[in-house]
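Colleague: Dropping a prediction and its sequence here:
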Amino acid sequence: MQLDELDRSLLVLLLENPRGGLREHARTLGIARGTVASRFLRLQESGVITGFGPRVSPRAFGYSMLAFVHLDLTQGYLDSVVENLADIPEVVEAYTVTGGGDLLCHVVARNPEELEVVLQRMIAVPGVQRTSSQVALTQRIPFRVLPLVKNDKWSAGRSS
């Protein structure tokens, strides 16, 4: 999908003021509400906008520990391992990666003992050969995309 400056401006508004309505964003941009609505729908349908729900902190539910777990897998087991990991609620994200390990999982736990139980559940999944984990001490930069959208190099890196 080719993104233009109007798309960029709309994305900036949505990221800076996610609770603002399309009418408010149309007024800010100086364009018709229908134009904003059609752009918004196009950005959704093309996968540029991927969600609307609130971001909920696991800490609110007592999950104060965050760990990154690298998994080494037996070849051919990736899909079944991912299906099994999806059944472990404390595994909140998983990515296939290059380098050390085949899969990188973002895991939460309430305490070190619970983290050990989660790690044991992960290693028990058929196809998982070994795990290596790192506990995060402090999040220094939270997940963000607004700086990317505002980046001056944005237009040079657009995809078609």
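Modeller: That came through, no problem.

Colleague: what does the domain assignment say about the chain?
Modeller: 5-53, 58-136 (automatic domain parsing).

Colleague: Determine which of these approaches Arg144 most closely.
Modeller: domain 5-53 (8.7 Å; Cβ to Cβ). C-beta: built from backbone N, CA, C; applies to glycine.

Colleague: From Leu103, how far out is Asp72?
Modeller: Plainly put, Asp72 is 8 Å away from Leu103 if you go by Cβ to Cβ, to the nearest Å.

Colleague: who has more neighbours, those two?
Modeller: Leu103 (21 against 14; other Cβ atoms under 10 Å).

Colleague: SS state for the spatially closest residue to the more buried one that is not a sequence neighbour?
Modeller: Nearest in space to Leu103, with sequence neighbours left out and distances taken as Cβ to Cβ, 6 or more residues apart in numbering, is Leu71 at 4.3 Å. Following DSSP: H, G, I helix; E, B strand; the rest coil, we place Leu71 in the strand state.

Colleague: do the one 4 residues further on as well
Modeller: The three-state label for Gln75, taken from three-state DSSP, comes out as coil.

Colleague: Can you give the distance from the lowest-mean-pLDDT helix or strand in the chain to the centre of its chain?
Modeller: Least confident helix or strand, the chain: helix 146-150 with a mean of 91, by mean pLDDT, DSSP states H and E. Offset of helix 146-150 from its chain centre (Cα atoms, centre = their mean, to the nearest Å): 16 Å.

Colleague: Same question for stretch 125-134.
Modeller: Distance of stretch 125-134 from the chain centroid (Cα atoms, centre = their mean) equals 22 Å.

Colleague: So for Lys150, which of the domains of the chain sits nearest?
Modeller: Closest among the domains of the chain, using Cβ to Cβ: domain 5-53, at 6.2 Å.

Colleague: in this structure, which spans are strands?
Modeller: 65-73, 91-96, 103-109, 128-136 (DSSP state E).

Colleague: want to throw those strands into TSV with distance to Ala26?
Modeller: Putting the strands of the chain into TSV (distance: least, Cβ to Cβ, whole Å) gives the following:
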stretch	distance to Ala26
strand 65-73	39
strand 91-96	34
strand 103-109	37
strand 128-136	41
